[in-house]
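Engineer: no sequence on hand, only this structure:
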């Protein structure tokens, strides 16, 4: 699968600010806050790194950080918070990395109508098990 | 469109924590979450607020709404996210996105400012999303009995009403348990009927 141009490392000599961001994330994501593959990706969508992602070479800062965060299952909204970018930007980062084969996504069970009784039963069991 | 999804999959779930300003939403998220509650920012243009989220483009008028959330790893593959919804009604387009596919909602009520929770109750009733009403134990909360509160909130008889302390993890978790029981009963009923 072709690597989106923006994912790969480009030796641009971009200065990284300390704390502040010199290059707006919108520039990094090509001005997109919604991407073709991720426009409807719910914020709780979980992502995990793929074997290809573990072997990934040099990536742009935010992409590399996203792949590292996904070493354990993590949601799009958590990635946004960890990188201090709006959720829309996190969606774009994740979508690009999914397109590159570096991340796998795990979507919510049912977008309309809510989770099935079977899943709700598991949730209930899990929550009850946590009480003392 | 999303490749690499494995059959034995991780399942993200979400519950919304709603209610008026200062009613204890962040406190509830904090007492339940295994991670420190995080803030996320949702960018939008001032012009797009309440109009059409899909037209969002970053411009100089971009503003952000902070929304806090937490996480509970329920079992090896179920992960539950808690979202404290922004209180102001002009951010309801965000609620729509959050409500889609949600298990349900906990609507927190401060009996001293009971009106503050009406918009949230209306919202979830209109969207037929299961919710429980949690009376957060502020001073004076014990002075009312359940019937009085139900009447004041015009709650349907099947909607659970719980007295709780959002600072207490066990009490907070119990309100989640009640919500999931309620959601399960409704789903099972819908399937049967």
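Structural biologist: Received the coordinates, thanks. In this text, all values refer to a predicted model and were calculated from it rather than measured experimentally.
Engineer: switch to C-alpha atoms for all contacts and neighbour counts from now on
Structural biologist: Will do.
Engineer: residue B:10 is in contact with residue A:106, correct?
Structural biologist: Yes - using CA atoms under 8 Å, residue A:106 and residue B:10 qualify as a contacting pair, with a distance of 5.9 Å.
Engineer: residues shared between the contacts of these two?
Structural biologist: residue A:46 (CA atoms under 8 Å, 6 or more residues apart in numbering or on different chains).
Engineer: and the helices in the chain?
Structural biologist: The chain I'm using is chain A. Along chain A, counting by DSSP state H, helices occupy A:25-28, A:51-54, A:61-69, A:76-83, A:87-99, A:117-130.
Engineer: that was the other one, I meant chain B.
Structural biologist: So, for chain B - with DSSP H - the helices run B:25-32, B:92-99, B:118-126, B:146-153, B:169-192.
Engineer: least reliable of those by average pLDDT, please.
Structural biologist: Sorting the helices of chain B by mean pLDDT places helix B:92-99 lowest, at a mean of 80.
Engineer: got the angle for that helix vs helix B:118-126?
Structural biologist: Here the directions of helix B:92-99 and helix B:118-126 differ by 50 degrees (axes from the mean of the first three to the mean of the last three CA atoms, to 10 degrees).
Engineer: tell me where chain B has strands.
Structural biologist: Taking DSSP state E to define them, one finds strands in chain B at B:11-19, B:38-45, B:62-73, B:78-84, B:104-109, B:131-136, B:161-164.
Engineer: comparing these by mean pLDDT, which bottoms out?
Structural biologist: Among the strands of chain B, strand B:38-45 carries the lowest mean pLDDT, a mean of 62.
Engineer: for chain B, give the residue positioned nearest to chain A.
Structural biologist: Of all residues in chain B, residue B:101 sits closest to chain A, at 4.2 Å by CA to the nearest CA.
Engineer: just checking, that residue touches residue B:12?
Structural biologist: No - the criterion here is CA under 8 Å, and residue B:101 misses it with residue B:12 at 10.2 Å.
Engineer: check what pLDDT the nearest residue to residue A:109 once chain neighbours are set aside gets.
Structural biologist: In space, and not counting its chain neighbours, residue A:109 is closest to residue A:115: 6.0 Å by CA to CA, 6 or more residues apart in numbering or on different chains. Note for residue A:115: predicted pLDDT of 93.
Engineer: cool, and the one 3 residues further on?
Structural biologist: The pLDDT attached to residue A:118 in the predicted structure is 94.
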